[in-house]
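My questions concern the predicted model and sequence given below.
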Amino acid sequence: MRMGKYEMGRTLGEGHFGKVKLARDADTGRTFAIKILDRQRILAMKINEQIKREIATLKLLKHPNVVRLYEVSASKTKIYMVLEYVNGGELFDKIALKGKLTEKEARKLFQQLIDAVAYCHEKGVYHRDLKPENVLVDAKGNIKVSDFGLSALPQNQLKDGLLHTTCGSPNYIAPEVLLNKGYDGSMSDIWSCGVILYVMLTGNLPFDDQNVVVLYQKILKGNAHIPKWLSQGAQHILRKILDPNPIMRIDVDGIKAHEWFKKGYAPAVPFNDDEEDISMDVDSLNMTEVTYHNGIQDKIAINQMNAFQLIGMSSCLDLSGFFEKELKVIQDCKGLANSRGQESLLISAEVFEINESLYVVELKKSSGDCSLYRKLCETLSEDLGTCKSQQFLKQDSIRQEIGRYNSSF
């Protein structure tokens with residue numbers, strides 16, 4: 001299979017919106033990673049602006065510790081992003097394999113991470129989803145920051161100079177982001193870097209809980225346990241970064257001036273901005289425009305909340321009493337069978353009524369085939385995304401959906 005001059009190879013990974021394939025430039029023999037995105041699914045899930053933002057952001061960034069975007073092309077059904085191929089895997093896998101890193105190794109990677117983040121901030125780019133899964137490691141042990149799908153540019157700031165979209169990954173999100181009062185994108189990124197440093201040094205998360213509400217309460221308090229067996233310098237810089245008050249939190253300049261950070265520090269040199277520009281035109285992607293509501297520029301559409309907005313509505317992040325009415329639709333939905341008549345999937349579902357127009361559906365796999373469960377979730381997600389009323393399925397609709405899956409499986 002070929003895409004222009006690129007010869008497609010094995011699949012490196014698959015996601016909900018497409019896949020990433022290893023590719024080779026037939027002319028030069030150089031390897032790349034090509035992200036292949038499905039246009040129809042992007043439009044159905046209304047993330048077209050997110051994709052365009054990621055492409056526009058990557059076009060700005062030319063740094064040795066940031067994944068490079070070299071080319072973008074599109075067909076009627078696909079979008080192709082030709083990216084730098086990083087063959088060392090995720091930082092997450094590196095930490096998981098070793099349990100934790102030595103201070104020397106963690107410091108080197110943290111120095112590169114701060115270099116990359118500082119460069120992004122100088123370009124007006126705030127990542128907003130920094131975590132070990134979004135930091136790649138190459139064969140030489142150097143990091144490459146990736147996945148800028150939730151990044152923000154200066155034009156995303158409101159008149160107060162702050163960002164207001166609540167996003168990120170729960171364990172790595174900064175406390176000020178949770179407060180829904182606006183936040184400085186650079187300081188929220190610094191917090192996430194601090195969480196990554198903590199994970200590298202200890203092998204554990206500084207804030208963790210199975211209950212997301214309790215997790216957010218811990219983050220807001222900011223009382224991370226800093227192990228005494230770490231060096232004094234490591235303990236000090238972690239406390240300075242993981243300060244829940246963004247005004248008191250150490251910034252990039254402060255981090256670079258810190259004695260622990262400076263040890264063996266060799267600043268990265270950004271690539272020349274005069275290099276050949278990326279072959280692309282973001283506006284030529286011709287994806288239908290979608291207006292998103294963020295609770296500040298417009299009132300939140302009651303049927304288009306994300307999980308962060310939902311939790312943010314409750315007083316002091318206490319959801320007890322928030323759900324006035326609980327509709328227990330299915331406690332044990334048994335008998336979802338495959339074509340051979342063997343029971344292969346056991347699920348349970350609950351629907352919570354927030355108000356007359358908003359319902360939250362919780363779906364859990366009790367036992368059975370994981371692939372069937374993923375298929376169920378994907379199909380249900382597609383049905384919800386294309387629902388003309390753009391509302392969550394009500395009780396009767398859930399029963400109909402489960403019945404349909406019962407017959408199709």
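Right, received. Where do you want to start?

Poorly predicted segments of this protein, please.
Within the chain, the segments meeting pLDDT under 70 span 154-157, 159, 273-344, 350-362, 364-371, 381-409.

Do a quick rundown of the strands in it.
2-3, 6-15, 18-25, 31-38, 69-74, 78-84, 135-137, 143-145, 325-337, 343-355, 358-368 (DSSP state E).

Show me what the second one is packed against.
Which is strand 6-15. strand 18-25, strand 31-38 (3 or more CB pairs under 8 Å, 6 or more residues apart in numbering; DSSP states H and E). C-beta coordinates here come from the backbone N, C-alpha and C atoms, glycine included.

Could you dump these into CSV with distance to I247 and mean neighbour count added?
As requested, the helices and strands packed on strand 6-15 are exported to CSV (distance: least, CB to CB, whole Å; neighbours: other CB atoms under 10 Å):
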stretch, distance to I247, mean neighbour count
strand 18-25, 40, 19
strand 31-38, 38, 19
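
For L345, find the nearest of these.
strand 18-25 (25.0 Å; CB to CB).

How are the helices of the stretch 51-200 of the chain distributed by residue range?
91-98, 103-122, 175-178, 185-202 (DSSP state H, counting those that start in this stretch).

before we move on, the earlier item: so which of the helices and strands packed on strand 6-15 is nearest R107?
Using CB to CB, those put strand 31-38 closest to R107, at 28.1 Å.

re earlier: go through the helices of the stretch 51-200 of the chain and pick out the most buried.
Among these, helix 185-202 has the highest mean neighbour count (mean count of other CB atoms under 10 Å), at a mean of 24.

what angle separates that one from helix 91-98?
In terms of direction (axes from the mean of the first three to the mean of the last three CA atoms, to 10 degrees), helix 185-202 departs from helix 91-98 by 20 degrees.

now for helix 185-202, which elements pack on it?
helix 91-98, helix 103-122, helix 175-178, helix 232-241, helix 252-257.

List just the one of those that sits closest to Y70.
helix 103-122 (17.9 Å).

What helices and strands are in contact with the closest one?
By 3+ CB pairs under 8 Å, 6+ apart, helix 103-122 packs against strand 143-145, helix 185-202, helix 252-257, helix 259-262.

what do you get if the cut-off is 10 Å, keeping everything else the same?
With contacts taken as 3 or more CB pairs under 10 Å, 6 or more residues apart in numbering; DSSP states H and E, helix 103-122 sits against helix 91-98, strand 135-137, strand 143-145, helix 185-202, helix 232-241, helix 252-257, helix 259-262.

Thanks again, I'm all set now.
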